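Engineer: Here's a sequence, model it:
(4 chains)
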Protein chains: 2
Amino acid sequence: MGVTIKDIAKHAGVSYSTVSKALRDSPLVKKPTKTKIMKIAQELGYQPNVAARSLVQKKSFTIGVVWPSVERVAPSILITKINDLLERKSYTTLLSINKVESAIATFNRFQVDAILVFGDNKTVLSDTLIQTTVPILYYGLKENSTYPTIDVNRRKAIKQAVHYLQEIGHKEIAFIGDLSDNDPLQKEKAIGFFEAMNVKQASELPELAIPTNGLEVHDGYHAAKTLLSNNTSVTALISGSYDLTRGILRATSELALHVPKDISIISYDNIPQADNLEVTLSTVGVPVSRIAKQINKALLSILEGHDIQDHIILDPELNIANSCAPFGWYD
Amino acid sequence: MGVTIKDIAKHAGVSYSTVSKALRDSPLVKKPTKTKIMKIAQELGYQPNVAARSLVQKKSFTIGVVWPSVERVAPSILITKINDLLERKSYTTLLSINKVESAIATFNRFQVDAILVFGDNKTVLSDTLIQTTVPILYYGLKENSTYPTIDVNRRKAIKQAVHYLQEIGHKEIAFIGDLSDNDPLQKEKAIGFFEAMNVKQASELPELAIPTNGLEVHDGYHAAKTLLSNNTSVTALISGSYDLTRGILRATSELALHVPKDISIISYDNIPQADNLEVTLSTVGVPVSRIAKQINKALLSILEGHDIQDHIILDPELNIANSCAPFGWYD
DNA sequence: AAATAGATTAACAACGTTGTAATTTAAAAT
DNA sequence: ATTTTAAATTACAACGTTGTTAATCTATTT
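Structural biologist: Numbers count the residues shown, from 1 in each chain, chains lettered A, B, ... in the order given. The predicted structure follows:
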């Protein structure tokens, strides 16, 4: 069925080992023969057989990505970027949406050169449970992994937001986000808020820590609407996610509140601005592009056989745009 | 590095070909030896090498899925289901998020047994452009593919919706959806509406064909709000997508309109009900589970070497729940 | 006890590729 | 013209697995 180097060899009247070398652009074969062989390969539509190649080379130039939760949007932007970055180094990425263990087993059988696991804040990745000869990199909650891991400091991000707002004079700062104990990822953000506000838990800030039922646009809308209809003393708002923020902005516009004149808003976020909202958002978080670069770097370092630092926690950055104003600025 | 059958052979004191047979559960090897070998394989953590196996068998028990638009939610539900279905037949699916051509090339090199391409209503899949020895199945707009294809009859779906509403007495039926020419997928739905209403284009139904700017929740909300605030003669609504419907329902609830008392709503849809909305939605469309089954069937048939019917267009079905009431029912 | 059939196991080529060693060819130096 | 040296090509083993064929072993039958 498929065209092999032997077929090319016959057509070119050379040995198949010459063909192999020619196609890999080895200096061991003369230019003219090389070009002749290349041309024939082209014409025959030759595709190198990965199975055969990786069998002898023990390398497949492929990265396996374990991605158990296809539905989430944020990681898909990340994976796209990483894919692009790796492609430039002539690596191919292959995704599996199976359960972590079975995905890792599959990738082992396929002899991928490295495995990148996207953690979904539930699955714990412990080296005692997993059998792999392929190096693994984990992107997700550091607490969930005993492998080299890249994580994001969400707690610090929200703290930064609080401090920034305080610096520009705000006192009554509210946080809208998932305050439940279910999602450790979201919880980190809440803790960041509590710590920055010098309290231990939500109950100490009943009017400033606003819980949502979920992370959808509507949840933000709802929370903001109830908050802003009741408590008018709040001058600044921190949103736990981009979607929540979109809902919040819809609420403010319905209530005829101007951002940042009537209220300052800063959003947790690490995805590039998708919509064109009325205001450009001030945000805090680690930009996806930086996460992608970091993962890429770690991956390449692993591929070169280096041992990498076990846990890398990325520091968030403050991105000041137009959705915050100093307290009293418009008075 | 990895454990091979030769390692197992040494430990067991048998030849490696016996090990191979034992692991494949061949009747050519005795029970006791078989179990002994199995046990040793277990202990050593043996993982069969796909490269070697597929090299000799010319089969990899793997399906390559080309998935250029990771972000979209609908296909991810589908891919998950297909993955599950194939897993039962001991096939593994591997996704690529690269461009169609390069993804197909990759999968050819990997010698996958079949390729499933998810069309994203832009990319055309023409066999004159693509080089592959691996059979391809296309899921997407039939117009975009010269390969065996599975598509969904969106036009018919909307027609069904109109007819159903007419049957239960409605006359003033509006359609909320993307009416632009950009997205051929959405356009099919609009055409379905026009045909069922016996007109040629949107301009003939200025008050019933309501265009949206996009397909997000908010777009549905906006369209419904303007429509229902102005034209009160409309008694039934067809929504072009599930997200739009969610927006529409928010609008009706804000306008204190009761569904289905004040207005009947039927939604185009082929995803399982995600949210628990106030009413259970009457929908029309091909259920994902059926699409998944169909794709699975086609795939398996291809894998067995059968030639399959070139284009399969799935017929939508009407799913009657509680969001529609006969005209005048509550009078 | 010898012959024979049947059941197990072992040997080995093959899959398509690469890297190394061996060979041939061409060029340079005598 | 012959040897030496370098360049270009070829031969061949190896990667880990499977399927086929050959070689053992073990009962059975005579």
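
Engineer: Okay, and the residue nearest the centre of chain A sits in which element?
Structural biologist: Residue closest to the average C-alpha location in chain A (CA atoms, centre = their mean): residue A:78, at 4.1 Å. Here residue A:78 sits within helix A:74-88, counting by DSSP states H and E.

Engineer: Mind listing what's buried along that helix?
Structural biologist: A:74, A:75, A:76, A:77, A:78, A:79, A:80, A:81, A:82, A:83, A:85, A:86 (16 or more other CB atoms under 10 Å in any protein chain shown). (Glycine included, C-beta is placed from N, CA and C.)

Engineer: Identify the residue nearest the closest residue to chain B within the stretch 201-331 of chain A in space, chain neighbours excluded?
Structural biologist: Nearest residue of the stretch 201-331 of chain A to chain B, counting by CB to the nearest CB: residue A:217, 6.6 Å away. Of all residues beyond its chain neighbours, the one nearest residue A:217 is residue A:247 (4.3 Å), with distances taken as CB to CB, 6 or more residues apart in numbering or on different chains.

Engineer: Would you mind listing the outside residues contacting the helix or strand where residue A:39 lies?
Structural biologist: Element membership of residue A:39, judged by DSSP H and E, is helix A:31-44. Under the contact criterion CB atoms under 8 Å, 6 or more residues apart in numbering or on different chains, helix A:31-44 has outside partners A:3, A:7, A:8, A:11, A:12, A:14, A:18, A:19, A:22, A:23, A:25, A:29.

Engineer: Just the buried residues out of the residues you listed, in ChimeraX syntax.
Structural biologist: Filtering these down to the buried ones (16+ other CB under 10 Å) takes a single ChimeraX command:
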select /A:3,7,8,11,12,14,18,19,22,23,29
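
Engineer: Pipe the contacts of helix A:31-44 into a markdown table and attach pLDDT and distance to chain B per row.
Structural biologist: Listed next are the contacts of helix A:31-44 as a markdown table, based on pLDDT from 0 to 100; distance: CB to the nearest CB, whole Å:
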| residue | pLDDT | distance to chain B |
| --- | --- | --- |
| A:3 | 93 | 8 |
| A:7 | 95 | 13 |
| A:8 | 96 | 15 |
| A:11 | 94 | 17 |
| A:12 | 94 | 20 |
| A:14 | 95 | 23 |
| A:18 | 96 | 21 |
| A:19 | 97 | 16 |
| A:22 | 96 | 18 |
| A:23 | 95 | 13 |
| A:25 | 92 | 18 |
| A:29 | 93 | 22 |
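
Engineer: Mind putting the contacts of helix A:31-44 into CSV with distance to residue B:310 and secondary structure?
Structural biologist: Shown next, in CSV, are the contacts of helix A:31-44 (distance: CB to CB, whole Å; DSSP: H, G, I helix; E, B strand; the rest coil):
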residue, distance to residue B:310, secondary structure
A:3, 26, coil
A:7, 30, helix
A:8, 33, helix
A:11, 34, helix
A:12, 38, helix
A:14, 41, coil
A:18, 42, helix
A:19, 37, helix
A:22, 40, helix
A:23, 36, helix
A:25, 41, coil
A:29, 45, coil
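
Engineer: Of the contacts of helix A:31-44, which are in range of DNA strand D?
Structural biologist: A:14, A:18, A:29 (CB under 7 Å from any atom of the strand).

Engineer: What does the pLDDT read for the residue in the stretch 51-200 of chain A that DNA strand C sits nearest to?
Structural biologist: Residue nearest to DNA strand C within the stretch 51-200 of chain A (CB to the nearest atom of the strand): residue A:52, separated by 3.2 Å. pLDDT for residue A:52: 95.

Engineer: Need the three-state assignment for it.
Structural biologist: Per DSSP: H, G, I helix; E, B strand; the rest coil, the secondary structure class of residue A:52 is helix.

Engineer: List the contacts of it.
Structural biologist: B:51, B:55.

Engineer: again, but for residue A:65
Structural biologist: So residue A:65 contacts A:79, A:82, A:93, A:94, A:95, A:96, A:115, A:116, A:117, A:118 (CB under 8 Å, 6+ apart).

Engineer: in which helix or strand would I find whatever residue of the stretch 151-300 of chain A ends up closest to DNA strand C?
Structural biologist: Residue nearest to DNA strand C within the stretch 151-300 of chain A: residue A:300 (19.4 Å; CB to the nearest atom of the strand). Assessed by DSSP H and E, residue A:300 sits inside helix A:288-303.

Engineer: I'd guessed residue A:224 sits against residue A:253; true?
Structural biologist: No. Between residue A:224 and residue A:253 there is no contact under CB atoms under 8 Å: 10.4 Å.

Engineer: quick one: which of the two has more around it?
Structural biologist: More neighbours surround residue A:224 than the other of residue A:224 and residue A:253, with 29 against 13 (other CB atoms under 10 Å in any protein chain shown).

Engineer: Just say helix, strand or coil for the more buried one.
Structural biologist: Quick answer, by three-state DSSP: residue A:224 is helix.

Engineer: need the contact list for it.
Structural biologist: Counted by CB under 8 Å, 6+ apart, residue A:224 has contacts A:176, A:210, A:237, A:247, A:248, A:251, A:252.

Engineer: and if we set it to 6 Å?
Structural biologist: Counting by CB atoms under 6 Å, 6 or more residues apart in numbering or on different chains, residue A:224 touches A:248, A:251.

Engineer: And residue A:223, by the same measure?
Structural biologist: A:176, A:210, A:212.

Engineer: Filter those residues down to just the ones in helices.
Structural biologist: Using DSSP state H, no member of the contacts of residue A:223 falls in helices.

Engineer: Can you add distance to residue B:136 and give these back as a markdown table?
Structural biologist: Formatted as a markdown table, the contacts of residue A:223 follow (distance: CB to CB, whole Å):
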| residue | distance to residue B:136 |
| --- | --- |
| A:176 | 47 |
| A:210 | 51 |
| A:212 | 44 |
